[in-house]
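> The following block contains a protein sequence and its predicted model.
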Amino acid sequence: MRRDLAALDVATMRGLEIGPLASPRVNKADGPVQYLDHASAKELRQKYATNAEMQDRLDDIVDLDYVIGEGKRISEAVAQDAPFDYVIASHLIEHIPDPVGWMADVARILKPGGILSLVIPDKRYCFDINRTPTDISDIVDAYLRQLMRPSYKQVYDFTSRAINGAVDTHAVWTEHADYTGVVRTDCDDPDVAALEACRRLGTSDEFVDVHCHAFTPDSFLVLLEKLARLGLIDFELARFFPTEFDTLEFHASLRLLEPVADRSTMLRRQLASIARARFGDVENAWIAPAPPPSSAVTLDVSERERRLLLFKRRTIEGIRGALRRPRPA
């Protein structure tokens, strides 16, 4: 089963694929699909002419139905042909400065019940390996500022922490290869290079292409849940496939929900769909929040040590209570 197409019938559904380059997930021969990217096929061939991984595949870059420049929204570019039954975006959402705004824009071109199929690199197995997973505060900040270009923080973090060489995904999986402390080798000082990149961002209109965000399957589900609780997305999780052994990507298919007057009804569906991805299809599992990540170590203690710990805890609580009591006048 194709995980990226698990929720789709591409033979009958009308689709839009964003950023297909030389490897579209759905070929035109497979069904009615159209292609969109930020530059024309000719411009993309020029851009990737010196890219080692693309040099032998430049002629395979597909012709595009829509070209969307920086600062333009997808819904504007495809307005005449919308709505679509599905949108596919492979290795794209990590490049989007404002994922919430972007998903809202995609929602405008989808039919109710339409699918947004995402293929997402797992930062643990690619050149983002030394970066911290994106936090909800980063997502909300980008949303409230309606970022259309990467922020200084996003550019700095990517430029200073991403590894420019390939990460050996197989070695990470099988040998627990450790990349701690490994830095990019195409500059003398990654932090100096990051600051220079930020300065260029502020003085140039050049298209800036970085991984604005870094995800793992768990962190992505946490973000989805928080966005649902905040009322910032209108999607539920239709299908979810964590990263498979010896690969570096995971798959999430999001289904656009019908607008409802009672937002709590939508939230219940959203949380239930996320819970199924975490815990399996358990009745009322949506109520259970995801356990927070923890680095705590559990130690076995003797009964005597346990009593001593309880005594210390009660003593500390007693002191705190005494400090909280008002002093006599």
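Happy to help now that I have it. Numbering: from 1, shown residues only.

> can you dump the C-alpha coordinates of the strand ranked longest in the chain into CSV?
Ranked by residue count under DSSP state E, the longest strand found in the chain is strand 110-121. Output in CSV follows, covering the C-alpha atoms of strand 110-121 (Å, rounded to 0.1, in the frame of the first residue of the first chain):
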residue,chain,number,x,y,z
LEU,A,110,-10.4,21.6,-1.0
LYS,A,111,-13.9,20.2,-1.1
PRO,A,112,-15.3,19.4,2.3
GLY,A,113,-14.0,15.9,3.1
GLY,A,114,-11.0,16.6,0.8
ILE,A,115,-7.6,15.2,1.7
LEU,A,116,-4.3,17.0,2.4
SER,A,117,-1.6,14.3,2.1
LEU,A,118,1.7,15.2,3.7
VAL,A,119,5.0,13.4,3.4
ILE,A,120,7.2,14.8,6.2
PRO,A,121,10.9,14.2,6.8
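
> That one: which residues count as buried?
Along strand 110-121, these residues count as buried under the neighbour rule (16 or more other Cβ atoms under 10 Å): 110, 114, 115, 116, 117, 118, 119, 120, 121. Any C-beta I mention is one placed from the backbone N, CA and C, and that applies to glycine too.

> Give me the distance from it to the chain's centre.
Counting by Cα atoms, centre = their mean, to the nearest Å, strand 110-121 is centred 13 Å from the centre of its parent chain.

> What strands line up against it, and which way round?
Strand pairing for strand 110-121, using DSSP bridges, gives strand 84-90 (parallel), strand 249-256 (antiparallel).

> Show me the one of these that comes nearest residue 194.
strand 249-256 (25.6 Å; Cβ to Cβ).

> helices or strands up against the helix or strand just after the closest one?
Downstream of strand 249-256, the next assigned helix or strand under DSSP states H and E is helix 263-279. Applying 3 or more Cβ pairs under 8 Å, 6 or more residues apart in numbering; DSSP states H and E, we find helix 263-279 packed against helix 217-229, strand 235-241.

> hey, which of these is tucked in deepest?
strand 235-241 (a mean of 21; mean count of other Cβ atoms under 10 Å).

> Let me see the ranges of the helices in this protein.
Ranges of helices in the chain, per DSSP state H, are 41-47, 74-77, 99-108, 136-144, 152-161, 169-175, 190-203, 217-229, 263-279, 303-324.
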